[in-house]
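> Sequence first, then the predicted structure:
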Amino acid sequence: MAARSDREREFAEFVALRYADLVRTAVLLTGDRGHAEDLVQRALLAVFRSWDRLDRVANAEAYTRTTMVRLASRWWRRRWRAEVPTQWLPDRPIGDHAPDVDTAEVVRQALASLPWAQRAVLVMRYFEERSEAEIAEVLGCSPGTVKSRASRGLAALRAVVHIEGVSGRERG
């Protein structure tokens with residue numbers, strides 16, 4: 001019984017330490033705070049089930065983030081299949097684009113408008129600072145595909161908002 005309580009205590013410490021960062025990443029992946037918290041909870045459940053096989057907290061964090069990306073990818077695929085085309089678009093309010101809009105919010109909104117694959121690559125590359133090889137492994141694609149998704153995603157972001165330090169061709 002002591003081993004089980006140690007395991008639960010270690011997991012609880014991991015969650016307390018990393019939860020806020022995981023939610024921030026999930027918000028960038030999903031574009032919605034509620035979906036982000038659901039995503040983190042689902043990922044943490046998977047991590048808890050595998051906790052005994054994970055050697056240390058760094059492995060647990062990487063495993064959690066990889067699980068989040070994979071779960072979000074499945075969610076986006078299901079969501080896309082469930083969409084029903086319509087002949088008219090609903091009226092949507094236009095956001096305030098005044099000069100005092102917080103850059104982080106503008107970038108978050110622009111990121112949320114990207115196709116899932118581009119968004120996932122940009123979040124993992126620039127927010128989580130993963131290598132192209134790591135991203136390719138998580139997404140199950142080639143490093144070249146990661147580079148092209150990053151390039152297209154950055155071009156789409158540049159079209160919407162000027163991002164300091166990201167101009168011209170992005171180098172991987």
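That came in fine, so what should we check first?
> Quick check: the gap between residue 16 and residue 9.
11 Å (CB to CB, to the nearest Å). Every residue, glycine included, has its C-beta placed from N, CA and C.
> and what of residue 110?
The value you get for residue 110 to residue 9, if CB to CB is used, is 41 Å.
> got a list of what the residue lying closest to residue 153 once chain neighbours are set aside touches?
Using CB to CB, 6 or more residues apart in numbering and skipping the chain neighbours, the partner closest in space to residue 153 is residue 118 (3.4 Å). When contacts are counted by CB atoms under 8 Å, 6 or more residues apart in numbering, residue 118 touches 149-150, 152-153, 156.
> Can you tell me which of those residues has the most neighbours?
Counting neighbours by other CB atoms under 10 Å, residue 153 comes out on top of these with 24 neighbours.
> Would you check that it makes contact with residue 112?
No - the criterion here is CB atoms under 8 Å, and residue 153 misses it with residue 112 at 12.0 Å.
> Check the gap between the residue nearest to the spatial centre of the chain and residue 11 for me.
Nearest residue to the geometric centre of the chain (CA atoms, centre = their mean): residue 29, 3.0 Å. As judged by CB to CB, residue 29 and residue 11 stand 22 Å apart.
> do residue 67 as well
When residue 67 is compared with residue 11 (using CB to CB), they lie 14 Å apart.
> which of these two has more neighbours?
residue 67 (20 against 16).
> Leaving out the residues flanking it, which one is nearest to that one?
Closest to residue 67 by CB to CB, 6+ apart is residue 43, at 4.3 Å.
> okay, how far is it across stretch 135-147, tip to tip?
Stretch 135-147 has an end-to-end distance of 10 Å (criterion: CA to CA, to the nearest Å).
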